[in-house]
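Student: Turn this into a structure:
(one chain, ligands or ions: 1)
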Amino acid sequence: MPYAYDDQNIFAKILRGEIPNDTVLETAHCLAFRDLYPQAPVHVLVIPKGPYVTYDHFAAEASAAEIADFTRTIGEVCRMTGLRPGDGEDGYRVISNAGEAGLQEVPHLHMHVLGGRVLGPLVAKPA
Ligand code: AMP
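Tutor: Numbering: from 1, shown residues only. As a prediction, the model looks like this:
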């Protein structure tokens, strides 16, 4: 069962309003909020409201409306935070970690939108 969803994960609790979050944007199908432990001056997480574990899960099972909203919400977060190239901060990185190899901590799909500084190499070299 690669797509078994645990509804006790922390982002499910945020979506149910059980724990607070610093919301940047909410849409019909998505929530964008600031990461509690930011890795860059701008670090926003964009999550679908539906119970999807990973990007591949979402791509396989989400509706066209959910996929369009997720994609546009990520773009809107880049715009709202001034990260679009030419807008001020001059660029960003969008990352989604999945599973053990990706070091995914929270098993609810999220896109990290990072920017506000030069972000360095895409992946760390193995120690
Ligand atoms: P990942 O390792 O890709 O699963 O990333 C999970 C992210 O969630 C990390 O960057 C954490 O800092 C962040 N995080 C964990 N708990 C919270 C929370 N309550 N509110 C906002 N961000 C959180």
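Student: Quick check: which helices or strands does the lengthiest helix in the chain pack against?
Tutor: Using DSSP state H to define each element, the chain has its longest helix at helix 64-80. Helix 64-80 sits against strand 23-26, strand 30-34, strand 42-48, helix 55-61, strand 111-115, with contacts defined as 3 or more Cβ pairs under 8 Å, 6 or more residues apart in numbering; DSSP states H and E. (C-beta placed from N, C-alpha, C; glycine too.)
Student: next one: that helix to chain centre, how far?
Tutor: Relative to its chain's centre, helix 64-80 lies at 11 Å (Cα atoms, centre = their mean, to the nearest Å).
Student: CA atoms only for it - export them in PDB, please.
Tutor: C-alpha atoms of helix 64-80 as PDB (Å, rounded to 0.1, in the frame of the first residue of the first chain):
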ATOM      1  CA  ALA A  64      -7.800  18.000 -12.500                       C
ATOM      2  CA  ALA A  65      -9.200  20.900 -10.300                       C
ATOM      3  CA  GLU A  66      -6.900  19.900  -7.400                       C
ATOM      4  CA  ILE A  67      -3.900  19.700  -9.600                       C
ATOM      5  CA  ALA A  68      -4.600  23.000 -11.300                       C
ATOM      6  CA  ASP A  69      -5.200  24.700  -8.000                       C
ATOM      7  CA  PHE A  70      -2.000  23.300  -6.400                       C
ATOM      8  CA  THR A  71       0.100  24.400  -9.400                       C
ATOM      9  CA  ARG A  72      -1.400  27.900  -9.400                       C
ATOM     10  CA  THR A  73      -1.100  28.300  -5.700                       C
ATOM     11  CA  ILE A  74       2.700  27.500  -5.800                       C
ATOM     12  CA  GLY A  75       3.000  30.100  -8.500                       C
ATOM     13  CA  GLU A  76       1.000  32.600  -6.600                       C
ATOM     14  CA  VAL A  77       3.100  32.100  -3.500                       C
ATOM     15  CA  CYS A  78       6.200  32.800  -5.600                       C
ATOM     16  CA  ARG A  79       4.600  36.000  -6.700                       C
ATOM     17  CA  MET A  80       3.300  37.100  -3.300                       C
END
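Student: No further questions, thank you.
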